[in-house]
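Student: 3D, please:
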Amino acid sequence: MAEWQDVAEWETISTSGMEWNVFLRELHDAIQQQLTESHVQYFSDLSEAEKELFMQRATKALEGGSAYTNLYKKVSVLMDQNLNEEVSRQLLEDAPMDTKSDLIIENAEEGALSLLRKWPDMKDKLHICLNQPLPLPLRQTAWRLHLNNSRVRKQYIDLLSANPRAAISEYDYEISQRCEQLIKSEPTLADLRGSVGIFYGMKAVLSYYHSSMKTKNRLRDVDHLLIVPFMHVSAPNISKKEPPPGRVVALLVEEFKTFMEGRPGFVIDSGSEAHTDEVMAFVDKVAKMLQAKHPDACKVIAEKYSPSKEKIVATETGSFALLTEALLSVVRPMIRSMFVTYLKPDTLLYVWDQYVIGQDTPGFPTEWLTIVTVTILGLVKEKLKEANSPAAMEKILKEEVPKLTIPQLQYEVKQHHYKELYSMLTRDSKAAVPVLDPTQALHPPWRHWYNDVIPPYTKPQDRRKAREEREAERERFLQQQKDLETHRREQDARDRRDEEEEYLRMAAADRQRVEQERIRLEEQIEEERRRRLEAEQRAADEIEQLKRQIAALQNQKPCVKPKKYVFTLNEGVGRMRGRWVGGGAEGGGWKGAEGGRKGEIRVKGREERGRWWEGERDTLCLPPPPLIYLIQEKIQSPHVYILQPTPSPIPSRASYISRILIPPPPSRASRPPTVPAVIPVPRTPTPAKTPVEQKNQIVTDFLQRVLLGVNKVAHADSFPREKAELDGETEGYLQQNVKDIKRAQKEIFGHYLKPGEFDGMDPKRQQETSEKMIKLMQKWREERRAKDLEEHDGKDF
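Tutor: Coordinates of the predicted model:
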């Protein structure tokens with residue numbers, strides 16, 4: 001509903017309360033009187049049809065009364081006022097190209113369409129448009145309201161949902177060929193040529209219509225013609241390059257099938273006896289009206305149909321029979337097609353408009369078709385005189401009837417038939433407006449559209465200056481909008497760049513932090529590994545020492561490789577080098593390896609002796625003795641010779657304590673030897689492994705085995721020859737990659753980068769440069785690969 005209608009409705013409710021309330025009170029009294037007469041206690045006890053009947057009777061009883069007239073006048077004044085205000089607003093704000101009268105008509109038309117869509121029962125009000133071609137929006141709405149049939153639409157939609165194939169006729173291909181041929185060959189259908197949507201719409205509607213007839217016969221040719229007016233009306237809603245949408249096809253099916261089911265029998269003309277009788281009755285009606293309105297046309301038709309004078313009957317009855325026979329051959333094809341292909345599209349739609357808006361009135365369709373037929377024959381009677389046969393007459397009709405215009409038909413209908421047609425339409429409707437002249441209507445005439453205050457006169461230069469100012473203001477506003485949009489885009493771009501730079505800085509900082517943490521962790525791991533190795537070495541040394549001591553206690557030879565010991569004879573002889581000779585306590589001894597005179601230190605039985613070299617001072621290297629003996633000259637010797645080992649890698653002397661071990665049975669000149677006790681070095685025990693560590697150890701071992709297999713397969717660890725070849729190829733690729741990097745640097749920067757130059761760039765430039773270098777290197781690598789493949793293919797060939 002138009003904006004001015006909403007205002008009018010609000011104005012009616014708010015300002016005309018008195019008129020409306022008086023009308024409602026009288027309407028209520030009229031309905032209550034009907035309830036009393038019908039012995040009904042409450043209005044709600046009635047059915048919907050009865051309620052509507054009571055309302056209609058009460059409304060008609062009030063028509064012509066003071067309450068009805070006052071309300072009617074008030075609504076008319078408010079509509080006039082609000083419509084004029086809306087048109088004035090459009091003239092001031094929108095600067096339209098149309099005149100004020102055109103805008104008033106357009107808004108009135110829009111309001112009428114809104115009311116019809118909201119209250120479809122008011123379609124009878126369209127009778128006021130008799131003998132007027134309907135505008136396209138009003139025509140679409142009028143046809144939709146008068147040809148409405150929800151049952152047909154529901155059947156079509158349900159069939160498409162359940163079984164779309166059932167909506168297609170078995171003669172679908174023939175129907176499509178016939179539609180295509182009709183559009184291409186018929187001159188009056190030139191407006192529909194080249195439209196894919198029109199073709200598919202016609203085919204879909206006719207195919208479904210034929211399938212719904214449940215017949216084995218082919219579709220009649222005339223049925224292909226009767227769909228044409230519906231395609232003309234729906235053409236603005238159908239694309240020329242693609243098939244029509246489903247809702248448009250559903251609407252066409254509903255309207256076309258409803259129209260086909262409501263045709264008079266003389267239009268259907270199926271050849272049955274009933275239809276033949278109706279055709280003859282229609283032709284008789286046309287003949288009588290033609291004799292009354294255009295007697296000359298009757299004479300021409302009768303003569304051209306039967307040129308031989310012998311066949312012309314002189315009596316009036318014979319002449320009428322001959323005229324009827326002639327008209328039957330002339331009118332029958334014209335009326336079966338409802339003037340399709342006879343009239344041009346706009347004239348044809350004018351004829352169909354009157355037929356559609358009056359088809360609910362009994363007798364109107366027959367009367368209207370009769371009038372149109374008579375009017376067409378009367379307008380072309382002069383051309384019919386040139387015919388000399390029925391075939392020539394048919395040809396003249398095909399050529400001359402399309403030349404007829406709407407004003408010609410309107411004039412003939414207005415002069416000879418308008419009163420009868422209008423009285424037929426308004427026979428049962430007292431509320432219809434009897435005339436088109438607004439000054440003769442019951443409501444006051446609309447005066448606001450020409451009684452407005454005339455705006456002051458302005459000079460052309462002032463109007464031009466005002467127009468230029470408006471244009472400048474409009475351009476300034478548009479430029480301001482563009483500047484704001486440009487500024488917003490630039491600000492968004494700056495924000496995005498700042499965010500990217502911040503992200504790159506954060507990413508670089510994160511990479512640097514991660515690298516520092518990695519280095520620190522590697523240093524910690526290396527330090528821990530070193531400490532572990534040292535601890536393990538100390539533990540291994542202590543274990544070896546303990547093993548030697550245990551072996552000495554058990555009087556067994558240690559299983560480890562002997563170490564060399566150095567002993568010192570404290571009595572001024574110096575340090576000498578020697579070796580152990582012999583076995584145990586009975587026959588063992590030390591012999592010198594070099595220097596001076598030979599000497600020995602022997603232990604026999606229970607006596608200990610010490611002999612040595614005289615001469616060069618040297619160090620005596622001994623195998624590890626199981627005991628350290630205190631050697632002393634027992635017979636008249638004040639000197640004591642001590643065999644003392646030089647410190648070994650054992651941590652300290654404090655780890656040894658003097659202990660007395662049971663020596664071999666002593667002799668008379670010997671003393672029990674004493675051995676220092678060994679003090680164990682305290683250490684941290686090796687911790688037991690947790691289940692998690694054990695699991696990690698298992699995974700580590702498994703991965704090491706996998707790594708070993710990968711190295712054998714991928715790196716040829718077990719195959720020296722293949723490994724050498726693989727290393728050579730890898731070395732070549734590495735060298736080529738280094739060359740590509742330098743070449744990319746030269747390509748991008750124009751020179752080779754110096755050490756630290758890349759790290760000195762900002763993170764964003766680093767990323768961009770890296771991406772460019774990678775792209776170049778990838779390109780060169782692909783080119784080399786393609787070249788190698790070509791050379792390899794050439795060699796194979």
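
Student: Show me the domain layout of this protein.
Tutor: 3-118, 172-262, 265-429, 456-502, 562-685, 705-796 (automatic domain parsing).

Student: Quick check: mean pLDDT of the shortest one?
Tutor: The predicted model assigns domain 456-502 a mean pLDDT of 88.

Student: How far off centre is that domain?
Tutor: Chain-centre distance of domain 456-502: 33 Å, with Cα atoms, centre = their mean, to the nearest Å.

Student: same check, this time on the last one
Tutor: Between the mean C-alpha point of domain 705-796 and the mean C-alpha point of its chain there is a distance of 42 Å (Cα atoms, centre = their mean).

Student: cool, and the longest one?
Tutor: Averaging C-alpha coordinates over domain 265-429 and over its chain gives two centres that are 58 Å apart (Cα atoms, centre = their mean).

Student: how many other residues sit next to the nearest residue to L62 once chain neighbours are set aside?
Tutor: Excluding the flanking residues, the one nearest L62 by Cβ to Cβ, 6 or more residues apart in numbering is Y68, at 4.7 Å. The way it works is simple: take the backbone N, C-alpha and C, and place the C-beta from them, glycine included. Using other Cβ atoms under 10 Å, Y68 is surrounded by 21 other residues.

Student: pLDDT value on Y68, please?
Tutor: 86.

Student: From W20, how far out is it?
Tutor: 11 Å (Cβ to Cβ, to the nearest Å).

Student: Same check on L327?
Tutor: 56 Å.

Student: again with Q140
Tutor: Counting by Cβ to Cβ - Q140 and W20 are separated by 33 Å.

Student: one step back: pretty sure the residue nearest to L62 is touching V22, no?
Tutor: No - taking Cβ atoms under 8 Å as the definition, Y68 is not a contact partner of V22, at 9.6 Å.

Student: Can I get stretch 693-705 in PDB, CA atoms only?
Tutor: Taking C-alpha atoms only, stretch 693-705 is exported to PDB below (Å, rounded to 0.1, in the frame of the first residue of the first chain):
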ATOM      1  CA  GLU A 693      62.000 -42.600  32.000                       C
ATOM      2  CA  GLN A 694      61.900 -46.300  31.200                       C
ATOM      3  CA  LYS A 695      59.200 -45.600  28.600                       C
ATOM      4  CA  ASN A 696      61.200 -42.800  27.200                       C
ATOM      5  CA  GLN A 697      64.300 -45.000  27.100                       C
ATOM      6  CA  ILE A 698      62.300 -47.700  25.100                       C
ATOM      7  CA  VAL A 699      61.100 -45.000  22.700                       C
ATOM      8  CA  THR A 700      64.600 -43.600  22.300                       C
ATOM      9  CA  ASP A 701      66.000 -47.100  21.600                       C
ATOM     10  CA  PHE A 702      63.300 -47.700  19.000                       C
ATOM     11  CA  LEU A 703      63.900 -44.400  17.300                       C
ATOM     12  CA  GLN A 704      67.600 -45.100  17.200                       C
ATOM     13  CA  ARG A 705      66.900 -48.400  15.500                       C
END
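
Student: Would you indicate which residues of it are buried?
Tutor: By 16 or more other Cβ atoms under 10 Å, stretch 693-705 has no buried positions at all.

Student: and if you look at stretch 723-733?
Tutor: Counting neighbours by 16+ other Cβ under 10 Å, one finds that stretch 723-733 has no buried residues.

Student: likewise stretch 272-284?
Tutor: H275, E278, V279, F282, V283.

Student: more neighbours, L327 and W20?
Tutor: L327 (23 against 17).

Student: Surely that one forms part of a strand?
Tutor: No - counting by DSSP: H, G, I helix; E, B strand; the rest coil, L327 is located in no strand; its state is helix.

Student: What distance do you get for it to R496?
Tutor: In terms of Cβ to Cβ, L327 sits 84 Å off from R496.

Student: E412 too?
Tutor: 75 Å.

Student: same check, this time on V330
Tutor: V330 is 80 Å from R496, by Cβ to Cβ.

Student: For those two, indicate the residue with more neighbours.
Tutor: V330 (21 against 10).

Student: State the pLDDT value of that one.
Tutor: Predicted confidence (pLDDT) for V330: 87.

Student: Isn't it up against I301?
Tutor: Yes - using Cβ under 8 Å, V330 makes contact with I301 at a distance of 6.7 Å.

Student: Please identify every residue contacting each of those two.
Tutor: L377, M393 (Cβ atoms under 8 Å, 6 or more residues apart in numbering).

Student: Spatially nearest residue to T405, not counting backbone neighbours?
Tutor: Nearest to T405 is T347, by Cβ to Cβ, 6+ apart, at 6.4 Å.

Student: Am I right that the one you found sits in a helix?
Tutor: Yes - judged by three-state DSSP, T347 forms part of a helix.

Student: burial of it, as a residue count?
Tutor: 24.

Student: Read off the pLDDT value for it.
Tutor: 94.

Student: next one: W10
Tutor: pLDDT, read off for W10, is 47.

Student: Just give me the residue right at the centre of this protein.
Tutor: What sits nearest the mean C-alpha location of the chain, by Cα atoms, centre = their mean, is P245, with 20.8 Å.

Student: what about that one, distance to V413?
Tutor: On the measure of Cβ to Cβ, P245 and V413 end up 37 Å apart.

Student: Same check on Q524?
Tutor: 109 Å.

Student: Looking at these two, which is more packed in?
Tutor: A count of neighbours by other Cβ under 10 Å puts V413 above the other of Q524 and V413, at 18 against 10.

Student: hang on, D98 in a strand?
Tutor: No - using three-state DSSP, the assignment for D98 is coil, not a strand.

Student: Which residue, neighbours along the chain excluded, lies closest to it?
Tutor: Setting aside the residues directly before and after it, D98 is nearest to E106 in space (Cβ to Cβ, 6+ apart), at 7.2 Å.

Student: pLDDT below threshold where in the stretch 601-750 of the chain?
Tutor: 601-688 (pLDDT under 70).

Student: And for the stretch 151-300 of the chain?
Tutor: Residues of the stretch 151-300 of the chain that meet the cut-off, pLDDT under 70, do not exist.

Student: Okay, helices next: where are they in it?
Tutor: Remark: helices assigned in the stretch 151-300 of the chain by DSSP state H, counting those that start in this stretch are 172-185, 196-212, 221-226, 228-234, 246-261, 265-268, 273-293, 295-305.

Student: Let's have these in JSON lines, adding distance to L145.
Tutor: Converted to JSON lines, these look like this (distance: least, Cβ to Cβ, whole Å):
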{"stretch": "helix 172-185", "distance to L145": "27"}
{"stretch": "helix 196-212", "distance to L145": "19"}
{"stretch": "helix 221-226", "distance to L145": "20"}
{"stretch": "helix 228-234", "distance to L145": "13"}
{"stretch": "helix 246-261", "distance to L145": "10"}
{"stretch": "helix 265-268", "distance to L145": "21"}
{"stretch": "helix 273-293", "distance to L145": "27"}
{"stretch": "helix 295-305", "distance to L145": "37"}
